[in-house]
Every structure is written in C-alpha cells, then in structure tokens.
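Novice: need a structure here:
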Amino acid sequence: MRENTQHHLIGPYIRRFLLEHVVADRNLSRNTQCNYRDAIRLLLRFMTDRHRIDPADLTVEHVTAEVIREFLQYLEQTRKNAAATLNQRVTVIHSLFRFIGRHVPELVERASQLRAVPLRRVDHPTVPYLEKAEIDALLATPDRQRRIGQRDHALLLFLYNTGARADEAAHLTRGALELGRPASVRILGKGRKMRLCPLWDHTAQVLRECLGDRLAGPAETPVFLNVRGQPLTRFGIYAVVERLVARAATRMPSLHAKRVSPHSVRHSTAVHLLRAGVDINTIRAWLGHVSLETTNRYAQVDLEMKAKALAACAIIGNNRPDRPSAAARRKPQDLMGFLASL
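Specialist: Numbers count the residues shown, from 1 in each chain. Okay, here's the model as predicted:
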C-alpha cells in the first residue's frame, strides 16, 4: 500500500510568522523586520536557483538541516557574508522554525533539527574609537557660516553628546528635544526602548540654531534634513561623517589610519565617559544597551589602556622577553511579492 505523506507548504507559515510573530507579537523595530524579511527572501531565492523549487511550491519538508548548511555556505562563499551576518540569517531561520513547531505539532522534530544548526564563532574586534583631540578636530571641520555646515556640526555634536546610533539620529524629531535647562532628548532605540539622555548647554544651543524657524513647528518635524529639505537617512549620516573625516584628516593625520563611522563616534562617547569616571551601568543606560555585557567591552578597552600605561613605567627586573598579552504552485511570484511589499 502506498504511504500518504503530508507536505506542508511553507508560504502560509512565513506570512503568519512575519505578520503575527515579528510585527504583532514581538513588535520588533522596522529595521529588524526588514532583516527577518531579507533573510527569508534570500533562502527562497537560494531554493529556486539551487534546487529549482519555486517559492509557491516550497514545503517545510524541503528545508532540511543539510539544505540550511548549503545555504550558509552559499552566503559565505558567493555573497561573501561575514560570520556575524551568517549568524543573523541562522537566527531568523531558528526563529521561523520555532514558530512552525509551536503551531504544527507533527513538525516539532523537523523544527528541532533545523534549530540544531549552530551559530558561527565570532571574534569581536577591538572597539574603534577616537581620541578627544580627534573628536575636536572633527567638530571643528564644518563651515558653520553655511547652512549645511551648521547642520553637519549639530549632527556631529549630537552624536558625540548622546552616543546615538545613526538610525536614531535620522529619526530624531523636534518633539523629542527639551532644549530648556536642563536640556535633554528622548531617543527611541533598539527593541523600541525609549531612553532619556542629557544634553550639554552648548549642544542645546547648536540644535536651536540648526532648527531655526522649525523650532516652532509640529512635534514630528525632523531635526536633521538633507539639501533637498527631506529627512536625512542613516545612509546620509554615514556619508556626512565619512566626508567630514576625510577633510579633518588633513589637519589630524591620525584619522587616516582609522575607519571612522557614526558608530565610531558612539564608541568614542562610551570610552570618554568611562575615562571621566562614569560608572558602567550609567553608560549602559546612556547608550541604550540591553545587556551589560555589551557595555563591558568599553571597560576592556580602558583596562588595555591602563595596562599599556603601567607597562611603560614598569621596572625591568630581568631580560626575559615579555609574554604576549591575552588579548510558489499557483503563482510563484506571490510569496516573493508579499516579501517585497513588507
């Protein structure tokens, strides 16, 4: 007698996963939603190109642990994804199949097999940051006599004062600013968590000058605009920082050896706060870190600097060399169209 094996189309589960779990239940940020969508879209394209299975015909049974390992090899060798990016893709797949296993009991075992695909080991590089003199050179670079220079200076000063991420600065609105005394800003960060950061009086004054007449506008008025009067995007903020660093490097040659981004300014804020004696928990709240472990990376940087200072004045008692330090069936395009619409 022929065995009747049931197959489960994966498309409906992907839709439910993205709309119910990612958006409604977990209320993840827009960027995280896009990361989930993009990871799934890459997997569907891989199944189409490598296994000749249209998204509308793809079943849960098609996606095995071996297929996921092939997918990760493709991402690493063909798309040149780093280990951290590979881990993001694996995490999305784990989450998708955990969702499927919860809703379809007969697929629990298959979901467990896929969730057993391990994450890659990631070596965390040394935190890149700027010295105070380099930050000062960067802040002195924009021509504040021009409107665009006034905006660039305000943007850099805001990033350094608050340690904000580029995306957080891009979405900053007038209503989030309190420019009286004491001045502060409400920042909506990762995980949709709101944090309150103090602003220096000088930062508040510079932001008032940057806003000008917009200071009396609606609360949702964007603070940082591009040359066309549209809200500056996080990609635009990266471009602004890179352009200013290239100019500042002519006066501060040490910047040539550093790859500087808005996140480097964020790291600089943390390191400088730590040097000023601010405790690690306050810095965690200042930067909006969920885990204290993330913030502790800055303490490691500061310990390394203290160790170097200690080594520089150490008394040499022997001549032994130093030890190294430990450092789709009906309409194949339907599912892909749905993903593209998110």
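
Novice: For the rest of this, base every contact and every neighbour count on C-alpha atoms.
Specialist: Will do.

Novice: and the gap between the residue nearest the centre of the chain and residue 267?
Specialist: Taking Cα atoms, centre = their mean, the centroid of the chain lies closest to residue 165, which sits 7.9 Å from it. Separation of residue 165 from residue 267 (Cα to Cα, to the nearest Å): 10 Å.

Novice: Leaving out the residues flanking it, which one is nearest to residue 98?
Specialist: Nearest residue to residue 98, sequence neighbours excluded (Cα to Cα, 6 or more residues apart in numbering): residue 111, at 6.1 Å.

Novice: Could you verify my assumption that the one you found touches residue 104?
Specialist: No. With contacts counted by Cα atoms under 8 Å, residue 111 stays clear of residue 104, the gap being 9.8 Å.

Novice: Could you check which of these two has the larger neighbour count?
Specialist: residue 111 (26 against 12; other Cα atoms under 10 Å).

Novice: can you tell me which helix or strand that one belongs to?
Specialist: helix 108-115 (DSSP states H and E).

Novice: Run through the neighbouring helices and strands of that helix.
Specialist: Helix 108-115 sits against helix 65-77, helix 83-103, with contacts defined as 3 or more Cα pairs under 8 Å, 6 or more residues apart in numbering; DSSP states H and E.

Novice: rerun at 7 Å
Specialist: helix 83-103 (3 or more Cα pairs under 7 Å, 6 or more residues apart in numbering; DSSP states H and E).

Novice: relative to helix 108-115, how tilted is the helix it packs on?
Specialist: On the basis of axes from the mean of the first three to the mean of the last three Cα atoms, to 10 degrees, helix 83-103 is oriented at 170 degrees to helix 108-115.

Novice: contacts for helix 83-103?
Specialist: Helix 83-103 has contacts (Cα atoms under 7 Å, 6 or more residues apart in numbering) with 13, 17, 36, 39, 72, 107-108, 111, 114-115, 119-120, 122.

Novice: And for stretch 115-135?
Specialist: Taking Cα under 7 Å, 6+ apart as the rule, stretch 115-135 contacts 65, 83, 84, 87, 90, 94, 252, 264, 265, 267, 268.

Novice: C-alpha coordinates for it, CSV please?
Specialist: This file holds the C-alpha atoms of stretch 115-135, laid out as CSV (Å, rounded to 0.1, in the frame of the first residue of the first chain):
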residue,chain,number,x,y,z
ARG,A,115,17.4,24.7,15.2
ALA,A,116,20.3,22.5,15.9
VAL,A,117,22.3,24.2,13.1
PRO,A,118,24.9,26.1,15.1
LEU,A,119,25.9,29.7,15.1
ARG,A,120,29.4,30.6,13.9
ARG,A,121,32.0,31.7,16.3
VAL,A,122,32.6,35.4,16.0
ASP,A,123,35.8,37.2,17.0
HIS,A,124,34.9,40.6,18.4
PRO,A,125,37.4,43.2,17.1
THR,A,126,38.8,45.9,19.3
VAL,A,127,36.3,48.7,19.7
PRO,A,128,37.2,51.5,17.3
TYR,A,129,37.1,55.0,18.9
LEU,A,130,38.5,58.4,18.5
GLU,A,131,40.7,60.3,20.9
LYS,A,132,39.4,63.6,22.3
ALA,A,133,41.7,65.6,20.1
GLU,A,134,40.4,63.7,17.0
ILE,A,135,36.8,64.4,18.0
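
Novice: Give the buried residues for that stretch.
Specialist: Buried residues in stretch 115-135, counted by 16 or more other Cα atoms under 10 Å: 115, 117, 128, 129, 130, 134, 135.

Novice: now these in JSON lines, with secondary structure and distance to residue 55?
Specialist: Below are those laid out as JSON lines (DSSP: H, G, I helix; E, B strand; the rest coil; distance: Cα to Cα, whole Å):
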{"residue": "115", "secondary structure": "helix", "distance to residue 55": "21"}
{"residue": "117", "secondary structure": "coil", "distance to residue 55": "22"}
{"residue": "128", "secondary structure": "coil", "distance to residue 55": "42"}
{"residue": "129", "secondary structure": "coil", "distance to residue 55": "44"}
{"residue": "130", "secondary structure": "coil", "distance to residue 55": "47"}
{"residue": "134", "secondary structure": "helix", "distance to residue 55": "51"}
{"residue": "135", "secondary structure": "helix", "distance to residue 55": "50"}
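
Novice: Dump those into JSON lines; add pLDDT and distance to residue 207 as well.
Specialist: Shown next, in JSON lines, are the buried residues of stretch 115-135 (pLDDT from 0 to 100; distance: Cα to Cα, whole Å):
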{"residue": "115", "pLDDT": "90", "distance to residue 207": "48"}
{"residue": "117", "pLDDT": "94", "distance to residue 207": "49"}
{"residue": "128", "pLDDT": "84", "distance to residue 207": "27"}
{"residue": "129", "pLDDT": "89", "distance to residue 207": "24"}
{"residue": "130", "pLDDT": "94", "distance to residue 207": "23"}
{"residue": "134", "pLDDT": "96", "distance to residue 207": "22"}
{"residue": "135", "pLDDT": "96", "distance to residue 207": "18"}
